[in-house]
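Q: Predicted structure and sequence below. I'll ask about it afterward.
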Amino acid sequence: MCAALTQSQILEALQGLDGWGIEDAKLLKVYKLRDFKAALAFINQVGAEAERLDHHPEIHNSWNRVSLRLCTHDAGGQITEKDLTLARAIQSISHP
């Protein structure tokens, strides 16, 4: 089980994660893609990374927008290093 990060650890890590923030005690990023087809392709890429890391985000899609929320359920829904690792992996995915 991963330990929850402190607020200062999270804020420091967010400096290296473009566009990510905190909402309702979860990491959050909203991507705006070209269209629905591009959004679905991006979601599939996120899913592949989530499976590779065995850590799965909350995903919401509305046409060309994809919202991702990350927290660690095993840590009581708090933010852990697993969330930061997944956020970094997602950030490395190129999208149109």
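A: Everything's here; your move.

Q: Was I right to think Phe36 contacts Ser62?
A: No. With contact defined as C-beta atoms under 8 Å, Phe36 does not reach Ser62; the gap is 9.2 Å. Just so you know, the C-beta spots here come from the backbone N, C-alpha and C atoms, and that holds for glycine as well.

Q: How much space separates Trp63 from Ala39?
A: Plainly put, Trp63 is 7 Å away from Ala39 if you go by C-beta to C-beta, to the nearest Å.

Q: Same check on Met1?
A: Met1 is 33 Å from Ala39, where distance means C-beta to C-beta.

Q: Which one of these two is surrounded by more residues?
A: Comparing Met1 with Ala39 by other C-beta atoms under 10 Å, the one with more neighbours is Ala39, at 21 against 9.

Q: what are the phi and psi values for the more buried one?
A: phi -60, psi -40 (degrees, to the nearest 10).

Q: Kindly report the same for the one 10 residues further on.
A: Its backbone dihedrals place Glu49 at phi -70, psi -40, with angles given as degrees, to the nearest 10.

Q: With Gln9 instead?
A: According to degrees, to the nearest 10, Gln9 has phi -60, psi -40.

Q: Can you list the low-confidence ranges for the chain?
A: Applying pLDDT under 70 to the chain flags the ranges 95-96.

Q: in which helix or strand would I find the residue nearest the centre of the chain?
A: Taking C-alpha atoms, centre = their mean as the criterion, Ala87 is the residue nearest the geometric centre of the chain, at 4.4 Å. Here Ala87 is covered by helix 81-91, with elements defined by DSSP states H and E.

Q: roughly how far out does stretch 22-33 sit from the chain middle?
A: 7 Å (C-alpha atoms, centre = their mean, to the nearest Å).

Q: err, stretch 5-22, not the other one
A: 12 Å.

Q: That stretch: end-to-end distance?
A: Distance across stretch 5-22, first residue to last, is 13 Å (C-alpha to C-alpha, to the nearest Å).
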